[in-house]
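Student: model this:
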Amino acid sequence: MSTSDTLPRKVVVGTAMYAMWGEYPGVEKRLDALEAIIDEMARQAGERYAGAGLDLVVLPEDAVCGGRNGTAAERSAPLEGPVLERMTAIARRHGTYVVVPLFMAESQEQGLCTNSAALLDRAGKVAGIYRKVHPVAAKSSAVLEDGVAPGQEFPVFECDFGRLGIQICFDIEFEDGWEALARQGAEIVAWPSQSPQTVQPAAYAMRRRYFVVSSTWRNNAAIFEPTGMMAAQILPPERVLVRQIDLSWLILPWQPELRNGKAMLERYGDRVGCHYSEAEDRGLFWSNDPQLSIRQMVREMGLEVLDRTIERNRLLQDAIRGGPPNLR
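Tutor: Residues are numbered from 1 along each chain as shown. As a prediction, the model looks like this:
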C-alpha cells in the first residue's frame, strides 16, 4: 500500500526487451550483451534524470543462459564464478541493484538447477535469490522446463529505495506469489519473462497496489502502476526502457473538485506529478516537492483518496441494508 505520508521517494528503473533465440554465443559474449544493455540504461538515466542514476535494473528471464540447448542441467550455469564476477562489476560501476535471471546450477553433482533471479545490490553483493515457484511443463510432459526444480518461497528483498519482490514468467498464472509479496509489503515486483503479457501484470499491479516491471524477450516490456495503468512501455525495435517512478503515491478517484487532475496541477505546478485517466476515472498522484508529501497536498486540497471513497460507501451501504450483502 501507499506510503504517501513520506516525502518523495524517487526510483529510476531500467528494463529491457531482448530476444535470445538462435545460436548461443557463449557466456562471455552473452555477458557482453547484457553489459551493453545496462550501459545504455545508465546513459538514458543520466540524460533524463540528471544526478539520479539507475536504482534498479531488471533483465529478461534466463538472461544469462537463454538460447542454450540441452536439458536444464546442461543449459544452467553457476551463479558463482564468471557470471557473478562480471555482474558484480557492472552493478558497482553503475551503483545500481540488478535482477539477474538465469538457469542456475544448484548442485552439478546432483544435476539440480532452478529457474532463478539473483538480486545484486549497488556494491554487487548478492542481496537474495528468487527461485521460480511455478515453472511450466510442456503439454503431455511431466518435466518442468527441461528439468528445473520448483522453488518454495516468495521472498521480499529490502533495498535502500524500498521493498522488492520477484516473479518469473509462468508465475503470472498463479495468484499465490503475487498475494504473498503484497502481504510482505512489496512496493515493486520485477517480472522477468519470456511471455510478454500486459493484462495480467496490470491486474496484479491494480489489485495488490504495487508497481510491476516486466522484462521480456519479445513484443513489449513495460512498467505498470498501482492503478493498473501503464506508466511506460517499449515496443520493437526499441530495446531499453528507463523510467523514474515514486514510491510515495496516492490514487485519487473522480471527484468534482479534482477536475480530472487539473486542480492539483494548477495549485502545485511541477511540484506535483500525476497520471490521470478520464477513461478510468482515477489517477496516480505523487509529490515532486522534497518538503511536501503527496498526502499533505491532498489534505490541503480537501480531496478524498480512492480507498477512503470505497470504505465510506461500503459502511454506508451496510448501515442502510442492515449488514453486509449475502455472498452465498
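Student: remind me which residues of the stretch 51-200 of the chain are low pLDDT?
Tutor: Scanning the stretch 51-200 of the chain for pLDDT under 70 picks out 108-109.
Student: now the strands for it?
Tutor: Ranges of strands in the stretch 51-200 of the chain, per DSSP state E, counting those that start in this stretch, are 56-58, 97-107, 112-120, 126-131, 156-159, 162-166, 188-192.
Student: okay if I get those as a markdown table plus mean neighbour count?
Tutor: C-betas here are computed from N, CA, C, even on glycine. Conversion of these to a markdown table gives the following (neighbours: other CB atoms under 10 Å):
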| stretch | mean neighbour count |
| --- | --- |
| strand 56-58 | 29 |
| strand 97-107 | 24 |
| strand 112-120 | 25 |
| strand 126-131 | 20 |
| strand 156-159 | 18 |
| strand 162-166 | 24 |
| strand 188-192 | 29 |
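Student: got CSV for those strands, with distance to residue 145 too?
Tutor: Formatted as CSV, the strands of the stretch 51-200 of the chain follow (distance: least, CB to CB, whole Å):
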stretch, distance to residue 145
strand 56-58, 20
strand 97-107, 8
strand 112-120, 6
strand 126-131, 12
strand 156-159, 23
strand 162-166, 17
strand 188-192, 14
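Student: let me see the contact set for the residue lying closest to residue 263 once chain neighbours are set aside.
Tutor: Spatial nearest neighbour of residue 263, excluding adjacent residues (CB to CB, 6 or more residues apart in numbering): residue 257 at 6.1 Å. Residues in contact with residue 257, defined by CB atoms under 8 Å, 6 or more residues apart in numbering, are 263, 301-303.
Student: biggest separation within the residues you listed, which pair?
Tutor: 263 and 302 (10.1 Å; CB to CB).
Student: of the two, which one has the most company?
Tutor: residue 263 (15 against 8; other CB atoms under 10 Å).
Student: where does that one land in three-state SS?
Tutor: What DSSP: H, G, I helix; E, B strand; the rest coil gives for residue 263 is helix.
Student: correct me if wrong: it contacts residue 301.
Tutor: Yes - the criterion here is CB atoms under 8 Å, and residue 263 meets it with residue 301 at 6.6 Å.
Student: residues in contact with stretch 84-92?
Tutor: Under the contact criterion CB under 8 Å, 6+ apart, stretch 84-92 has outside partners 31, 34-35, 38, 97-98, 100, 118, 120-126.
Student: rerun at 7 Å
Tutor: By CB atoms under 7 Å, 6 or more residues apart in numbering, the surrounding residues in contact with stretch 84-92 are 31, 35, 38, 98, 100, 120, 122-124.
Student: how about residue 97: what's its closest non-neighbour residue?
Tutor: Using CB to CB, 6+ apart and skipping the chain neighbours, the partner closest in space to residue 97 is residue 56 (4.9 Å).
Student: in the stretch 201-328 of the chain, which spans are helices?
Tutor: For the stretch 201-328 of the chain, the helices defined by DSSP state H, counting those that start in this stretch occupy 262-268, 294-301, 306-321.
Student: ok, the residue nearest to residue 97 touching residue 13?
Tutor: Yes - counting by CB atoms under 7 Å, residue 56 touches residue 13, with 4.9 Å between them.
Student: number of residues surrounding the closest residue to residue 203 other than its chain neighbours?
Tutor: Among residues not flanking residue 203 along the chain, residue 228 sits closest, at 6.4 Å (CB to CB, 6+ apart). Residues near residue 228, counting by other CB under 10 Å, number 21.
Student: wait, residue 228 touches residue 204, no?
Tutor: No - counting by CB under 7 Å, residue 228 does not reach residue 204; the two are 8.6 Å apart.
Student: which one of the helices of the stretch 201-328 of the chain is the most hemmed in?
Tutor: helix 294-301 (a mean of 18; mean count of other CB atoms under 10 Å).
Student: packing partners for it?
Tutor: strand 249-253, helix 262-268, strand 282-287 (3 or more CB pairs under 7 Å, 6 or more residues apart in numbering; DSSP states H and E).
Student: let's have these in TSV, adding mean pLDDT and distance to residue 167.
Tutor: Formatted as TSV, these follow (pLDDT from 0 to 100; distance: least, CB to CB, whole Å):
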stretch	mean pLDDT	distance to residue 167
strand 249-253	97	21
helix 262-268	98	33
strand 282-287	98	21
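Student: and of the ones you listed, who's closest to residue 149?
Tutor: strand 249-253 (37.5 Å).
Student: any idea how far the closest one is from the chain center?
Tutor: 19 Å (CA atoms, centre = their mean, to the nearest Å).
Student: with only the CA atoms kept, save that strand in PDB.
Tutor: Taking C-alpha atoms only, strand 249-253 is exported to PDB below (Å, rounded to 0.1, in the frame of the first residue of the first chain):
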ATOM      1  CA  TRP A 249       1.900   7.900  -4.100                       C
ATOM      2  CA  LEU A 250      -1.900   8.100  -3.800                       C
ATOM      3  CA  ILE A 251      -4.800   7.100  -6.000                       C
ATOM      4  CA  LEU A 252      -7.500   9.700  -6.400                       C
ATOM      5  CA  PRO A 253     -10.900   8.800  -7.900                       C
END
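Student: okay, now residue 323: neighbour count?
Tutor: Residue 323: 8 neighbours (other CB under 10 Å).
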